[in-house]
Each structure stands twice: as structure tokens, then as C-alpha cells.
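**Q** sequence and computational prediction follow.
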Number of protein chains: 2
Amino acid sequence: MKSTLECVPCYLKQVISTAKEATNRKELQFQALQAAAKVIGKLSLEKSPAENTYYVLKAAQKVLMDDDPFNKKKLKYNKIALKMYPRLKKIIKKSDKPLYTAVKVALAGNIIDMGILPSFDIEKTLKETLSSPLTIDDFDRFSQDLKKSSNILYLGDNIGEIVFDKVLVEELLPKNVFFAVKNGPILNDATLEDAHLVKMDEVAKVITTGTDMLGAPLKQCSEEFQDIFLSADLIISKGQANYETLSEVKANIYFLLKAKCEVIAKDLGIKCGDTVFKRAAIT
Amino acid sequence: MKSTLECVPCYLKQVISTAKEATNRKELQFQALQAAAKVIGKLSLEKSPAENTYYVLKAAQKVLMDDDPFNKKKLKYNKIALKMYPRLKKIIKKSDKPLYTAVKVALAGNIIDMGILPSFDIEKTLKETLSSPLTIDDFDRFSQDLKKSSNILYLGDNIGEIVFDKVLVEELLPKNVFFAVKNGPILNDATLEDAHLVKMDEVAKVITTGTDMLGAPLKQCSEEFQDIFLSADLIISKGQANYETLSEVKANIYFLLKAKCEVIAKDLGIKCGDTVFKRAAIT
């Protein structure tokens, strides 16, 4: 999808989050924001919000002299999520529809912001997600598609969240699953290090997109990733940035996410806060 | 008050509103936003949000080649508000505490966004404001102060809203009231033209701040305005921009507003959405 005017202030909001992670020095935070604002002059609304955000963030990180500001949080968030893993597995085991429940668990991972919520609220959000219907629910089609699929590509999103993704990946077995993370740190996106920490490599072939760009902008991804993408029978795409970069790609993609802003919601024809498991428009 | 990092994306949000008022051409809107973003590099967090917003807006308006993008809306909003005037007067007439009710009517004018609300919602907001307590309420002190005051300066805010202000001004009579508007168009702030349209000049001496800057940044205001400001026994300051530019000024100011963002709310020690009629900390 393309960017809108309304995306631009949001690029700067993400710079502010990043700057605050990197340093407590107000002046340096503001200098990073100023450097990021300068990049806006070079952006195009034809690019996805994820892509534009990336360039803006990189300019800020240069000033902050920190290429992984969220590093300190990563271990913490992954650990919080890992602690929940046995509980998530129990939910699947008890479920009448384990695959559908696993999809919802993975969605809950996209909804829960471990940086904000205390543990009792994580539990509450999990329960709410499991009991609420999805606004767009292409699960039946997914379930049929899955039967015919051998190679599955799962596009991961954030740290912590990937533990919830692992639960869904396990329900896809014994299919051949590739789990893609970023090739380097950007925001709180999962990297190889995080995938190994949560032992994703025990259930899937962990790969990277070949880039540290947000989402999976195919032209900027490695050839290896592009090959896996093109040969996958079915792709599960988690979160907004993956949607932003792939919404116009003709492939058998199922987008699993909560719409966290008006722009994405409008693009999906839903409301902000709504949840989707939506098959891409292939033709 | 000073700006925070969080104010910066908000400057751009106001540019987006302005650009959309000025033109339907997406490309031109984005060019204006880019020009505005360029100015962020020259801003200082030591300045108030109102002041920074002004410089950013001016850069955008230069690209839009429109020095009054909200012009088309002005007549419409003033007319909507004028239509309510007899109803507002009736509320005051029926009230046991007409002055206090007039303060709340003026506050309602700050809460109602005539660009968004249909008429039945304007009525609903008015009723809610009249029946709800203020989060900070220095009315008793104001009432005492008023008895000792001869010269009152009332700092106006937006078009439409000034009709609600007029109701309060009328309750201050026969005191000598100066009603200040901007010296030129900026956002949807009231100017001399609007003050005359709502016949404010029949109840107050209408003056301008001597500048088109948002709020009332004293150093940038005219000498005439500064003299009136300094000699006023009591000042009523409407809305956020006036608060932003005067919150650190030692004068007998009563700030009347709804906190519409987290930054202002924090500065006032309240929550976003809360309402105040607060006397400035003079000493």
C-alpha cells in the first residue's frame, strides 16, 4: 500500500519512541528528530509507510549513534512471552479447533504490547482475543489451502510476539515451514538472535528477509528470500509492516493482524482496532 | 510553556489540516508538508508549541500559496454559532448563577468543534458542559477578582467560539472589556472581520494582538497590545494556544480551556479531556 499524508506525523512518532529508547538526553533526542524530519523532503507517498519509516528511522539512528536502540528490551519481552508459552500450548491442547485457536493465539501476540501491559492484562487480552470474532475471517479458505500446501512461509513481526507465532507454526507441522525475520535490528522487530532464543529453529527453517527494512519489501529482499517467497504455496504475514509492503503483491498470502491505525484500517476496509485473517486478492 | 518531542508530529498534523483546506491536489498537499518538515530543523523546544506551529504553518502556506486556507469555513462556522446565540442568552437568563453559567458557555465554545459536530451534538456538548464540574475551577477567586477590576482583557480563540465568548463578555459589563483577536488569518483563529461579524464590537473594544501568531506571544505582539495586557486588572485567556504562550507570564490571567492533548494536560497537572478555569500562578 501507498503512504498517505497522515502517515508522515506517525513516522516521527516512531522516531520519538526510538530516540527515547536510545538515550535520556533530551537534546540528542530532538537532534535525532530533526535529522529524521529532514528526510521527509526526500520521501514519496508512492512508497509504503513501512519503507518511508525505515529511511526516517535510519537518519535518526545515525544521530543517536545507536543501530539497535530496542536491544535492552528484546531479552525482557522475549522472556515475558516465553513464560507464557506453556499456557498457550495448554490452550491449544484443550481446544476443539486447535488450528483456528492457534491463529487467534498468534493474533493475540500482535495485539499485546508487552512494553505497556502488566501480566494480568496480557492474560486478559489473550482471553478477549480468543473469545472475539475476527472482523475479516478467511480461516476456512486458509484451512483448505493448507491441505494442498507443502511449503509455507511465515513472515514474523516483533520480539515477544514470535513466541505466539511459534504456537501457530507448530500447528502447521509436519509441513515445511520457513520463518522469516529481519536481517538486522530495526525497531522491536525480531531478528535471528530472537528466533534462536525462542527456539523457533526447532520447528521451522529460520531465514531472514535479507534486509533490515520494515516488512518485506520484495525488491529490497535477498534473492534467497525472494526464491522462498515465490516458491511458497502459502504465506502467513504477521502485522502491519508486512501488510504495508505486500498488500499489492499477487501471492497466496494470509494477512494476520490488528489494524492499529486509521490508514491501514481504511486500506483494509475496516475500522481501527479491528482484527483480520485475510487472504490477499490474488487476481 | 515549552514544547516537547511529542509536539513535533502534531505540528505536521496541523499542516495536514491546513493543506487539505487549501487544496484537493494531493501532490501540492505533500509538497506543503515537506516544506513544513524542513522547518523542524530550525525549531527549538524552548519555544511554545504555538510558536513552533506558526513557523511550520507559514512554510506550508507559502507552498500552498494561500494565506487564509480556512477562509471558506469562517462564515459557515460563525453563522452556526450565531444561530445558537439566542439559545445561549436564554440559558444565562434562566440561570441562578449567570456569571458562572456564562463561563461554562464560553468553555463549551472551546469544546465544540463546529467542523465535526452536527447540530444535535453541539446541543448535547453544550448540555454536558453546563452540567459537568470543571477539573480545576478557580471561579470563586475570579468572581472576587472581578469585583475589584475595571479593565478586563479577553483573549479570543477561534471562529464560531467567539459567539460563546460574547455571552461571557456581556456578563462582564459594564466593566471595560478589550476583546483581542489575531491581526491576520492563521488556522481558524478569529480575526477583526470575525469579531465584527458577530458584533463583538457592540459589547467590547475589539483589538488585535498586533500579530497573526498563534496565542499571544507577548514579545511578538504590538506595543499597543502589550500596554493593554500590562494595564489590565484581569485577563481571560481562551484555548490552548493562548495558554501555551502565556503559561509562564506573571499576570492576573484566568485560563479557560479544555485540554485537548497530553502535553497541555501534563503541563496543567490534569488529564487529556479535562476542563479548567485556572488562575495563573502569579508569584
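**A** Structure's in. What do you need?

**Q** the stretch 51-200 of chain A: strands as residue ranges?
**A** A:136-137, A:151-155, A:176-181 (DSSP state E, counting those that start in this stretch).

**Q** now mean neighbour count too, for those strands, in JSON lines please.
**A** Using the backbone N, CA and C atoms, a C-beta is placed for each residue, glycine as well. Output for these, formatted as JSON lines (neighbours: other CB atoms under 10 Å in any protein chain shown):
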{"stretch": "strand A:136-137", "mean neighbour count": "16"}
{"stretch": "strand A:151-155", "mean neighbour count": "24"}
{"stretch": "strand A:176-181", "mean neighbour count": "22"}
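
**Q** those strands: which one's closest to residue B:129?
**A** When the strands of the stretch 51-200 of chain A are compared by CB to CB, strand A:136-137 sits nearest residue B:129, at 39.1 Å.

**Q** which residues touch that closest one?
**A** A:268, A:270, A:274, A:276, A:277, A:278 (CB atoms under 8 Å, 6 or more residues apart in numbering or on different chains).

**Q** and stretch A:23-42, by the same measure?
**A** A:8, A:11-12, A:15-16, A:18-20, A:22, A:55-57, A:59-64, A:66, B:5, B:8, B:33-34, B:37-38, B:40-41, B:43, B:45.

**Q** next, the buried residues of it.
**A** Across stretch A:23-42, burial judged by 16 or more other CB atoms under 10 Å in any protein chain shown covers A:23, A:28-37, A:39-40.

**Q** thinking again about what came up before, show me which of the contacts of stretch A:23-42 are buried.
**A** Buried residues within these, counting neighbours by 16+ other CB under 10 Å: A:8, A:11-12, A:15-16, A:18-19, A:22, A:55-57, A:59-61, A:63-64, A:66, B:5, B:8, B:33-34, B:37, B:40, B:43, B:45.

**Q** so which of the residues you listed belong to helices?
**A** The members of those that map onto helices under DSSP state H are A:8, A:11-12, A:15-16, A:18-19, A:22, A:55-57, A:59-61, A:63-64, B:8, B:33-34, B:37.

**Q** coming back round to it: now the contacts of strand A:136-137 in TSV, with distance to chain B and neighbour count?
**A** TSV is the format used below for the contacts of strand A:136-137 (distance: CB to the nearest CB, whole Å; neighbours: other CB atoms under 10 Å in any protein chain shown):
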residue	distance to chain B	neighbour count
A:268	21	19
A:270	22	17
A:274	22	16
A:276	26	23
A:277	31	22
A:278	27	24
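
**Q** name the residues of chain A found near chain B, please.
**A** Chain A comes close to chain B at residues A:5-6, A:8-10, A:12-13, A:16, A:19-20, A:26, A:29-30, A:33-34, A:37-38, A:40-41, A:43, A:45, as judged by CB under 8 Å from any CB of the partner chain.

**Q** just checking, what packs against the helix or strand of chain A with the lowest mean pLDDT?
**A** Here the helix or strand of chain A ranked lowest by mean pLDDT, DSSP states H and E is helix A:119-131, holding a mean of 88. On a contact count with 3 or more CB pairs under 8 Å, 6 or more residues apart in numbering or on different chains; DSSP states H and E, helix A:119-131 meets helix A:71-94, helix A:98-111.

**Q** deepest of the ones you listed, which one?
**A** Mean neighbour counts were compared across the helices and strands packed on helix A:119-131 using mean count of other CB atoms under 10 Å in any protein chain shown; the top stretch is helix A:98-111, at a mean of 23.

**Q** got the angle for the helix or strand harbouring residue A:227 vs strand A:151-155?
**A** Here residue A:227 sits within helix A:223-231, counting by DSSP states H and E. Angle, helix A:223-231 to strand A:151-155, by axes from the mean of the first three to the mean of the last three CA atoms, to 10 degrees: 120 degrees.

**Q** okay, angle between the helix or strand that helix A:223-231 is followed by and strand A:176-181 too, please.
**A** Per DSSP H and E, the first helix or strand lying C-terminal to helix A:223-231 is strand A:234-238. Inter-element angle recorded for strand A:234-238 and strand A:176-181: 30 degrees (by the same axes, to 10 degrees).

**Q** ok, residue A:92 - contacts?
**A** Neighbours of residue A:92 in contact, by CB under 8 Å, 6+ apart: A:98, A:101, A:102, A:105, A:167, A:171.

**Q** turn these into a markdown table, including distance to residue A:77.
**A** Shown next, in a markdown table, are those (distance: CB to CB, whole Å):
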| residue | distance to residue A:77 |
| --- | --- |
| A:98 | 26 |
| A:101 | 23 |
| A:102 | 21 |
| A:105 | 17 |
| A:167 | 16 |
| A:171 | 23 |
